[in-house]
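Q: Just the structure for this:
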Amino acid sequence: MAKQVAHEIKNPLTPMRLTVQSFQRRFDPADPQSKEKLHEYSNSLIEQIDVMSNIASAFSTYATMPAQKNEETDVCMVTQLALDIFNESNIHYTEDATSLKAVFDRTQLIRVVTNLVKNAIQASHPDRKNTIAVSVKHDDYKIYLTVSDKGTGVLSENVKKIFEPKFTTKNSGMGLGLAMVKQIVENFKGSIDMKTIYGEGTSFTVTLPKS
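A: Residues are numbered from 1 along each chain as shown. A predicted model of the protein is given here:
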């Protein structure tokens, strides 16, 4: 993990160094476009600083997981509460019961749902609308929380890596979201599985014991 953090931080440092060196060589205060060029240089540096900040925040979140509360939580109610923060009209929620309870930290369940939905949103396919389906279903012993999308899907060679803390298919960030979700779910004796078809979409299912 430490090696991965170092690698991710070095990535934005290179363009930052090149930007500063270019500024030193080319900047001329007498240039009539000097203000515009200074603005361009500044924006480039700020963008890379933001990348580094996001890396640090993601790593900090993963490393300092809050103490869990073993409380009886209504999975249906908390899932809907988590979905309220999203304004996307393409998110659709269904349930097969009005109340399904599991022993799970309410705050951490919100984190699980929001991370899975954010991943689904970011997986949007450029050529079609990404419909996201969130459902809570159950049988006699288990509760199944599923988040499915019609996005880009996952390449077959990446399927086994998807829950690794250091793995990400995004251009920036640590790829800690799914690793954190897996850690939280397993702390409450649950499991998470992924089904994906590259180019068609992905589905994550969190399975929890009913209380």
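
Q: Pretty sure L81 sits in a helix.
A: Yes. If the criterion is DSSP: H, G, I helix; E, B strand; the rest coil, then L81 is within a helix.

Q: nearest residue to it other than its sequence neighbours?
A: Among residues not flanking L81 along the chain, I110 sits closest, at 6.7 Å (CB to CB, 6 or more residues apart in numbering). Using the backbone N, CA and C atoms, a C-beta is placed for each residue, glycine as well.

Q: Surely the one you found and D84 touch.
A: No. Between I110 and D84 there is no contact, the gap being 10.1 Å when judged by CB atoms under 8 Å.

Q: Could you check which of these two has the larger neighbour count?
A: Using other CB atoms under 10 Å as the criterion, I110 and D84 rank with I110 on top: 17 against 7.

Q: How many residues are close by D193?
A: If we define neighbours as other CB under 10 Å, then D193 has 12 of them.

Q: ok, it touching F204?
A: Yes. Counting by CB under 8 Å, D193 does reach F204; the two are 7.3 Å apart.

Q: so T205 makes contact with T146?
A: Yes. Applying CB under 8 Å as the test, T205 and T146 come out as touching, 4.6 Å apart.

Q: ok so, going back, what's next to the helix or strand encompassing the residue nearest to L81, contact-wise?
A: Here I110 sits within helix 106-122, counting by DSSP states H and E. Contact partners of helix 106-122, identified using CB atoms under 8 Å, 6 or more residues apart in numbering, comprise 66, 68-69, 71, 73, 75, 78-79, 81-83, 85-86, 88, 91, 130, 132, 134, 145, 147-149, 151, 170, 177-178, 180-181, 184-185, 202, 204, 206.

Q: Quick one: buried ones out of the residues you listed?
A: Burial by neighbour count, 16 or more other CB atoms under 10 Å: within the contacts of helix 106-122 this picks out 73, 75, 78-79, 82-83, 86, 91, 130, 132, 134, 145, 147-149, 151, 177-178, 180-181, 184-185, 202, 204, 206.
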